[in-house]
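# Sequence and predicted structure, then a few things I'm wondering about:
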Amino acid sequence: MRQMEKGKQLYEGKAKKIFVTENSKQYLVEFKDDATAFDGVKKDTLEDKGILNNRLSAIFFGLLESRGIETHYIETISEREMLVKALEIIPVEVIVRNIAAGSLSKRLGIPEGEALNKTVLEFSLKDDELHDPMINHYHIYAMELATAEEMAAIEASALKINDILTAYLKDKGITLVDFKLEFGRYEDRVILGDEISPDTCRFWDSSSGEKLDKDRFRRDLGGVVDAYREVLRRLEGGE
Ligand code: UDP
């Protein structure tokens, strides 16, 4: 870790703050302890969540980089901060699903926990005021959110990321149920941004089915930070 001059704050989201740095091609991301769910209706502060998500995201980004997927991650700066490539975020959330859960179960009546016969990709417009509505390729092109070439790259990357993460987590006794990705433009290409953490993924213990992710917060199950800590313990190779 190294000292880093933090410039002015560019943006504050629900779980992260973004700062400019002395290098116009790099941003600094600070992970907060704040947790929100249901469009910000449910709110709390979970001590150390930001520290855990900073570490977990760094591990996942490092793994993906080692497997040939370019991400915005550059290096970890402090407990809560990482240096990243400054992306122009594409305002489309990409959801990857292996097992039915959450909004998909509600929408389609597929019981939570039922394996999907084929990986499902979904897209949502990243817009809090509109409550991140689900959109399809027609909307994406009509609104000029991304080009067809960019969407092809995003989809191929999302599926490859799913394969890499699923295999890696399986080995740690964790089932990757679903997760959300965000991509952005950097120089002449589209690369992975945002975070990969229990805030943005559903992780289930492979043997007990216990939830090790933000659903513990959404559903008032308690032990939220302990579950995030357990994920980190498994990834760091603790017993
Ligand atoms: N997700 C996310 N941010 C969002 C919406 C969803 O990170 O704004 C993640 C969520 O953690 C889960 C997956 O995307 O891993 C699918 O979420 P779902 O559509 O089931 O929505 P939810 O049930 O969380 O409302």
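Happy to help now that I have it. Numbering: from 1, shown residues only.
# Sort out which residues of the helix or strand in which residue 157 is found are buried, please.
Under the criterion DSSP states H and E, the helix or strand holding residue 157 is helix 148-170. Within helix 148-170, the residues that qualify as buried by neighbour count (16 or more other C-beta atoms under 10 Å) are 150-151, 153-154, 157-158, 161-162, 164-166, 168-169. For glycine as for every other residue, the C-beta is placed from the backbone atoms N, C-alpha and C.
# Kindly provide the distance from the residue of the chain found nearest the ligand to residue 211.
Evaluated by C-beta to the nearest ligand atom, the chain has residue 102 as its residue closest to the ligand, separated by 2.3 Å. Distance of residue 102 to residue 211, given as C-beta to C-beta, to the nearest Å: 11 Å.
# still on that earlier bit, include distance to the ligand and pLDDT when you put the buried residues of helix 148-170 into CSV, please.
Output for those, formatted as CSV (distance: C-beta to the nearest ligand atom, whole Å; pLDDT from 0 to 100):
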residue, distance to the ligand, pLDDT
150, 20, 98
151, 18, 98
153, 20, 98
154, 15, 98
157, 16, 98
158, 12, 99
161, 13, 99
162, 12, 99
164, 17, 99
165, 12, 99
166, 13, 99
168, 17, 98
169, 13, 98
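# Give me the more crowded residue out of residue 102 and residue 211.
residue 211 (22 against 15; other C-beta atoms under 10 Å).
# bridging residues for the more buried one?
The bridge-partner assignment for residue 211, based on DSSP bridges, gives residue 204.
# what sits against it?
202-205, 219, 221, 227 (C-beta atoms under 8 Å, 6 or more residues apart in numbering).
# any idea which of these has the most stuff around it?
The member of the contacts of residue 211 that has the most neighbours, counting by other C-beta under 10 Å, is residue 203 with 28 neighbours.
# show me where pLDDT drops low in the chain?
Within the chain, the segments meeting pLDDT under 70 span 1-4, 238-239.
# Any residues of it in contact with the ligand? List them.
By C-beta under 6 Å from any ligand atom, the residues of the chain that approach the ligand are 93, 95, 101-104, 132, 178-180, 200-202, 214.
# For the chain, which segments are assigned as helices?
Under the criterion DSSP state H, helices of the chain are mapped to 49-66, 102-108, 137-142, 148-170, 215-218, 224-235.
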